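In: Attaching a predicted model along with its sequence, questions to come.
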Amino acid sequence: MFKRLTIGLRLVGHRVIDRIWRFGSATRFFMYTLVLSGESLRRFHLTIREIYFTGVLSLIIILVSALFVGMVLGLQGYNTLQKYGSSEAIGVLVALSLVRELGPVVTALLFAGRAGTAITAEIGLMKATEQLSAMEMMAVNPIARVVAPRFWAGVISMPLLAALFSMVGVFGGFLVAVPLLGIDDGAFWSQMQANVDFREDIVNGVIKSFVFGVTCTIIALFEGYDAPPTAEGVSRATTRTVVNSSLAVLALDFVMTSFMIGV
Amino acid sequence: MNDNLVEINDLSFAYNSRLLHKGINMRFPRGKVVAIMGGSGSGKTTLLRLIGGQLKPTQGEVRVDGHVVHEQSRDEIYRMRRKMGMLFQFGALFTDLSVYDNVAFPMREHTNLPESIIRDLVLLKLNAVGLRGARDLMPAELSGGMARRVALARTVALDPAIIMYDEPFAGLDPISMGVIVNLIRSLNDALGATSIVVTHDVHETFSFVDYVYFVSAGVVVAEGTPEDLRASEMPFVHQFVHGEADGPVPFHYAAPDYRQDMLRGVNV
Amino acid sequence: MDRTTLDLWVGIFVAAGVAAMIGLAMKVGNLTSSNLGVTYTLHAEYENIGGLKVRAPVKSAGVVVGRVADIHFNDQTKEAEVTLNIDTRYHFDRDTIAPIYTSGLLGEQFISLQPGGGEDNLKNGDKIGKVQNALVLEDLIGKFLTNKASESNDKDKKAE
């Protein structure tokens, strides 16, 4: 009985230490990436290339999801607001939910699934096929040449994607509210504009998506770089990218929201 | 000037507290092709990484051109690597770049040459390995032997003084193998470089190298020219050269007595 | 992929993203309307501000003329000190009343400025003399209930 307890405790301890250790090495990896970012910014076409793979190729999923999320928000919001006789406030509801929360958060989750996994798999495979080692032996630092451009591409892409998500989402809400449910066009926009604040809502949303961009990209890169160089290792790393990014995004969202609202 | 471009002195290396090398001494003279041979898992590839400064020895030292590798700063190691080329086991071509861009990669990273000169140099290198016509292909479209040749062209792109080959023959058909053998020898002599070949293919290797080190259980068990070794009566060398299943290198991984092991499962 | 097509796509993506950000700021947010330009400040003291918040609108005749810049508690007077930023284009006289109203029954609270017809205009840093506290729903219900109670008491007395 006592022996079993110690084994259990040891397992817990081992896991905790392991997590902390990984978190530490991820932080070092992040710092290292920042320090070695000079080249990816000087030779900016390296970063542009990666913006294509992370940003442009994520556009379809982001835009389509945004349209549907906006339309659902419109329908659900109308249903509830109608009970209180304030269905004109639907524009406010759609815009605020999108700009403050759904835009940055859902974009980050989709980004982790679409671009994050691609980054992890790519870097993991480059490691497994010794491409990173080969680069090192050619006196080219893989963090500067491979990791940093992808990092900046992610950081640049995420706020742009989130802004597009919010904009298309608002348009989706508009499509449901105005032509379909017959809410007044003017009331929809004016209520929205009166209640969505530039600094409190829009700027805060952009700050969130920037932070999510840094988080999701660095997690994807780290998991790929840290993956055991086998097929199984890479596939596990890909799964970890999605799980860790999602958890990190949701937790950070709570922390940032509580700071922004000022609890 | 020292005759040996690379020297390994009393080198020990432990991986996860398991001692992989125990006091290894090797000499790699300028202009020669030297082979490091040994069974799978005897730490041959690790030796190359130690020479390239990717790993730090637990004890002893590796000297490249007189400098102790692990005492160099990061920048100095990177500068040193520019004079090295390493051919990885499966080529390690960059899968997102074409054949042309793969060979151009080291030139673009380390020189400021205009694109027209880079083009000439890339075609020169590709021509040397006979793949000038394949420059627009992607690595995924190449056969194993072709990929190895492209990787070789990339390895020698900056005319290195030291060329290291990690299992250059693994998984190749006899024709490709012959091609690679010829290329290693001719590139070495044309560039005046020093080549280190890590391999376990006895017959191909003995046909073109100048000197051979046999590594087993973390120590150099035999060394000499191919002729010496072929005539050697040492049990290990004999087993290796003739490919016998059992001998000084046991067929069985260390295990308890077979009879005892089988009986343990039976409830007597 | 060809470098130029790649650059083109990235260019389109970045331009669309930036346009979406500007669009959000202009069309969805109130960047255009909330920019008051040059402002001057007025002060007002309330016994109770209810749910008034910083950046709440200051309206006159229903038009936004400024915003609440700061709210804090004055320990000496035990009252709430509210600072208002008013657009310099608009002027209010010394008899102006500044009640706190609620838009709708449960909406946000704002300060209304109702001109009184005095001679001099309020200047930067002046204090608005006449204020009216926020209507607190609980007080209102409380008052209503006591009124009802006293009414029914009266009725009972008459019936006796």
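Out: Here it is on my side, so go on.
In: distance between the lengthiest helix in chain C and the chain's centre?
Out: Secondary structure assigned by DSSP state H gives helix C:137-159 as the longest helix of chain C. In terms of Cα atoms, centre = their mean, to the nearest Å, the centre of helix C:137-159 is set 33 Å apart from its chain centre.
In: mind giving me the domain split of chain C?
Out: Per automatic domain parsing, the domain ranges recorded for chain C read C:1-35, C:37-143.
In: quick one: buried residues of the first one?
Out: Read it as domain C:1-35. For domain C:1-35, burial by neighbour count (16 or more other Cβ atoms under 10 Å in any protein chain shown) applies to C:6, C:9-10, C:13-14, C:16-17, C:20-21, C:23-25, C:27-31, C:34. C-beta here means a position set from N, CA and C on the backbone, and glycine is covered the same way.
In: Can you tell me the closest non-neighbouring residue to B:Lys56?
Out: Take B:Lys56 and drop its neighbours on the chain: the residue closest to it by Cβ to Cβ, 6 or more residues apart in numbering or on different chains is B:His70, 4.7 Å away.
In: Please list all residues in contact with the one you found.
Out: B:His70 sits next to B:53, B:56-57, B:61-62 when contact means Cβ atoms under 8 Å, 6 or more residues apart in numbering or on different chains.
In: try it again with 10 Å
Out: B:50, B:53, B:55-57, B:60-62, B:77 (Cβ atoms under 10 Å, 6 or more residues apart in numbering or on different chains).
In: The residues you listed into JSON lines, with extra columns for neighbour count and secondary structure?
Out: Formatted as JSON lines, the contacts of B:His70 follow (neighbours: other Cβ atoms under 10 Å in any protein chain shown; DSSP: H, G, I helix; E, B strand; the rest coil):
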{"residue": "B:Leu50", "neighbour count": "24", "secondary structure": "helix"}
{"residue": "B:Gly53", "neighbour count": "22", "secondary structure": "coil"}
{"residue": "B:Leu55", "neighbour count": "18", "secondary structure": "coil"}
{"residue": "B:Lys56", "neighbour count": "12", "secondary structure": "coil"}
{"residue": "B:Pro57", "neighbour count": "21", "secondary structure": "coil"}
{"residue": "B:Gly60", "neighbour count": "19", "secondary structure": "strand"}
{"residue": "B:Glu61", "neighbour count": "16", "secondary structure": "strand"}
{"residue": "B:Val62", "neighbour count": "23", "secondary structure": "strand"}
{"residue": "B:Ile77", "neighbour count": "19", "secondary structure": "helix"}
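In: lowest average confidence, helix or strand, in chain B?
Out: Lowest by mean pLDDT, DSSP states H and E among the helices and strands of chain B is helix B:235-242, with a mean of 76.
In: buried sites along that one?
Out: So, applying 16+ other Cβ under 10 Å, buried residues of helix B:235-242: B:236-241.
In: do stretch A:200-212 as well
Out: Applying 16+ other Cβ under 10 Å to stretch A:200-212 flags A:201-206, A:208-212 as buried.
In: what's the span of stretch A:80-95, first residue to last?
Out: 16 Å (Cα to Cα, to the nearest Å).
In: and that stretch, does that touch chain C?
Out: Yes. Contact of stretch A:80-95 with chain C (Cβ under 10 Å from any Cβ of the partner chain) involves A:84-86, A:89, A:91-92, A:94-95.
In: Skipping its backbone neighbours, what lies nearest whichever residue of chain C sits closest to chain A in space?
Out: Nearest residue of chain C to chain A, counting by Cβ to the nearest Cβ: C:Gly17, 2.6 Å away. Distances taken as Cβ to Cβ, 6+ apart put A:Leu160 closest to C:Gly17, at 2.6 Å, once the chain neighbours are dropped.
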